[in-house]
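> 3D, please:
(2 chains)
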Amino acid sequence: MLDIKFIRDNAELIKEAARKKHVKIDVDRLLTIDEKRRTLIGEIDEMRRVHKEASEGLVPAGAAGLEGVDREKLLEKLRQDKDNLSHKEFELRTVEGEFDELMLGVPNVPDPSVPDGDSDAENQEIRKWGSVKVEHGKNYMNLMQMHDMLDTERGAKVSGFRGYFLKNDGAMLAMALWNFTLEHLMKKGFQPFMAPSLVRRENLVGTGWLGGAGNASEEDIYKTQDDIYLSGTAEVPMMGYHRDEILTDAELPKKYAAFSPCYRREAGSYGKDTKGIFRVHEFFKVEQVILCKADHQESIKWHEELTKNSEEIMQALELPYHVVLNCGGDLGLGQVKKYDIEGWLPSEKKYRETHSASYFHDFQTRRLNIKYRDADGKMHFAHSLNNTAIATPRILAIFLENHQNEDGSINIPKALQKYFGKEKIG
RNA sequence: GGAAGGGUCGCAUAGUGGUCUAGUGCGCUCGCUUGGAAAGCGAGUGUGCCGCAAGGCACCGCGAGUUCGAAUCUCGCCCCUUCCGCCA
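Numbers count the residues shown, from 1 in each chain, chains lettered A, B, ... in the order given. So this is what the prediction gives:
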């Protein structure tokens, strides 16, 4: 959600943003509706004022009240006024309904540094780390089979398509990665959380996952028979955590490292990554979430920091990766700018997305009503950001292929040994 | 799943149709007082929307309704608490 005043003053900028993000939104229609809305509000406020004033002539109060015919006359007039008012109010409700709908669909303005482009194919590499292996040896599925770390057959039997079991060293490796990551972030002042994945709808609308023409539509998100949804990321519950709160600027930034199971229907990706554990319906993730002061430079600073944190994790795990700057067409409705970190997957001779770092300015906090009071007592909507810290099982694929030896055994990088308890698998 | 009780201005509470422009206490801010502080006394103390402004309007969990008039009455929903049942 953007400030309607900002939209009024920057209509062309918003249209350009919609073009860049490939979002459909009729800005002129919104402005027309806004004009109508404001006129109606003015008229209704005035009608209410007059009506209120006139009603005072009826107060019984023993003394000043009107009697008999005069009273009946006034009542008749008031009834008529009320009827007119009701009609106007109905009109306003209708107009506001459309206004709200349109407002939810207005995209946030991407940063000027965001390149044009239709899809992730046009994201720009901005840096690389580690040396990529071209001779890949075994692919991760073979490695996991060899070490009895994974069972997708029984996974499908029990869970259905894209189901899986991690077992033995596969299970232990996932746990080790979560623990290592959490501790790494705690050292940087992040508060560890285990967040709920069952979330109420308003959290999804508030973060931009639902409502308007955003990334994910209703079809991409699981919904229970109680109309509670299964979140695809801890970003959603962690942003909901402070909904309707007024913080103080002294307690900002809030830095959270939240572990949660994540659920995605992958409705639009039936043909993609159908084998293995790269794209699954249920996975686990430690997510970084930050609320900071409403300042563009602050957002930039924390965005870079969030990205750096994840790069450090990849480096400690000795996994080659690159960072890409996402193009406009690959940005969500609320995102100002996004970096994806992509780890090298030798068997595909490709970088594959493992992390996604974005900032939103106050797009999410307006929807969620998260404010803070500054030292002068002035109120602001906070800024919000998030980035993946580690997501399993996807990272296992990249991890295993990159750390395999010729005999198929797996080296555990030094930083992880303490958490995994062994130096080697196999 | 069953039963009961609740949601009021930062917190606690009062308020069951017009005097509510929501009272009181606590907290907080400022002032008086003081060598300084405490106490005391006085004043202030929300959010949003519309408006150039003066000002106006809305908000007592949310939404609809009754009424000239709703924190107060009616209906629906949401949330919280307690007890029973079930349960990792």
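
> In a strand, A:Gly163, correct?
No: checked against DSSP: H, G, I helix; E, B strand; the rest coil, A:Gly163 lies outside a strand; its state is coil.

> check contacts around it.
Contacts for A:Gly163 were tallied using C-beta atoms under 8 Å, 6 or more residues apart in numbering; they are A:152, A:155-157, A:280-282. In this view, the C-beta of every residue, glycine as well, is placed from N, C-alpha and C.

> So which residues on the stretch 51-200 of chain A come close to RNA strand B?
Residues of the stretch 51-200 of chain A found near RNA strand B (C-beta under 7 Å from any atom of the strand) are A:51-52, A:54-56, A:58-61, A:75, A:78-79, A:82, A:93, A:200.

> Kindly recompute the last result at 6 Å.
A:51-52, A:55, A:58-60, A:75, A:78-79, A:82, A:93 (C-beta under 6 Å from any atom of the strand).

> Redo those as TSV? Include distance to A:Asp28.
Listed next are these as TSV, based on distance: C-beta to C-beta, whole Å:
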residue	distance to A:Asp28
A:His51	35
A:Lys52	36
A:Ser55	41
A:Leu58	46
A:Val59	48
A:Pro60	52
A:Leu75	45
A:Leu78	40
A:Arg79	40
A:Lys82	35
A:Arg93	22
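
> Which members of those residues are the farthest-apart pair?
Across those, the longest distance by C-beta to C-beta is 32.7 Å; it joins A:Pro60 and A:Arg93.

> Can you name every helix or strand that the longest helix along chain A contacts?
Longest helix of chain A, by residue count under DSSP state H: helix A:68-104. In terms of contacts (3 or more C-beta pairs under 8 Å, 6 or more residues apart in numbering; DSSP states H and E), helix A:68-104 is packed against helix A:27-55.

> again, only this time at 10 Å
helix A:4-9, helix A:27-55, helix A:363-368 (3 or more C-beta pairs under 10 Å, 6 or more residues apart in numbering; DSSP states H and E).

> from these, which stretch is densest packed?
Across those, averaging neighbours per residue (mean count of other C-beta atoms under 10 Å) puts helix A:363-368 on top, at a mean of 24.

> quick one on the thing from earlier: format the helices and strands packed on helix A:68-104 as JSON lines; extra columns: mean pLDDT.
What follows is the helices and strands packed on helix A:68-104, written out as JSON lines (pLDDT from 0 to 100):
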{"stretch": "helix A:4-9", "mean pLDDT": "93"}
{"stretch": "helix A:27-55", "mean pLDDT": "90"}
{"stretch": "helix A:363-368", "mean pLDDT": "92"}
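
> between those helices, which one is nearest to A:Lys188?
helix A:363-368 (22.3 Å).

> Next SSE downstream of that closest one?
strand A:370-373 (DSSP states H and E).

> can you tell me the residue of the stretch 301-426 of chain A closest to RNA strand B?
At 4.7 Å from RNA strand B, A:Met379 is the closest residue in the stretch 301-426 of chain A, using C-beta to the nearest atom of the strand.
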